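# heads up, no residue letters with this:
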C-alpha cells in the first residue's frame, strides 16, 4: 500500500496542480469592480437627484444596479484569485448591466413628448 503524501516538491498532489500555480490579477480585479459599480451607482444617484416619479419601468433600475454590483464583485473576487474565462464573462455581464443604466438613465427620467404631425396638404 502506498502512503499518501500531501504535497511534493513540484507543487502537485498526485498529479493535480494547486490553485496557487495560476496567480490572480488584483489590479485588474479592482478595475473591473470600479468599471461595473461606478456607472450603475452614478446612474441611480442621477435618477434620484432628478426626482423621477417611481413607476414600474423605473424599478428596472434596481435590477441593473444589483446586476452590476453583484456580478462586478464576483468577477473581482475571481480575477483577484485566479485568471479564468468565467471571470471575464462575469465581468462582461457586470459592465454590460451597468452601462445601459448610465447611458439611458437620464433618458428614462425625461418627460416624453409626442412628435408634432404636419398637416396634410389637401389635393
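Looks like it came in fine. What you are looking at is a predicted structure, and each value in this text was computed from that prediction instead of being measured.

# Going by C-alpha atoms from here, please, whenever you check contacts or count neighbours.
Will do.

# So the residue nearest to residue 70 when sequence neighbours are not counted: helix, strand or coil?
Closest residue to residue 70 apart from its sequence neighbours, by C-alpha to C-alpha, 6 or more residues apart in numbering: residue 94 at 7.7 Å. Recorded secondary structure, residue 94: helix (DSSP: H, G, I helix; E, B strand; the rest coil).

# so where do the helices sit in this protein?
26-49, 60-81, 85-109 (DSSP state H).

# what mean pLDDT does the last one have?
The reference is to helix 85-109. The pLDDT scores in helix 85-109 average 74.

# I'd like the helices of the chain laid out as JSON lines, including mean neighbour count and distance to residue 120.
What follows is the helices of the chain, written out as JSON lines (neighbours: other C-alpha atoms under 10 Å; distance: least, C-alpha to C-alpha, whole Å):
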{"stretch": "helix 26-49", "mean neighbour count": "19", "distance to residue 120": "39"}
{"stretch": "helix 60-81", "mean neighbour count": "21", "distance to residue 120": "40"}
{"stretch": "helix 85-109", "mean neighbour count": "18", "distance to residue 120": "31"}
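
# now the ones you listed in TSV, with distance to residue 122?
Shown next, in TSV, are the helices of the chain (distance: least, C-alpha to C-alpha, whole Å):
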stretch	distance to residue 122
helix 26-49	46
helix 60-81	46
helix 85-109	37
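
# what's the weakest-modelled helix or strand in the protein?
Averaged element by element with mean pLDDT, DSSP states H and E, the chain has its least confident helix or strand at strand 12-13 (a mean of 52).

# What separation is there between the residue lying closest to residue 99 once chain neighbours are set aside and residue 65?
Nearest non-adjacent residue to residue 99, counting by C-alpha to C-alpha, 6+ apart: residue 39, 6.1 Å away. Plainly put, residue 39 is 9 Å away from residue 65 if you go by C-alpha to C-alpha, to the nearest Å.
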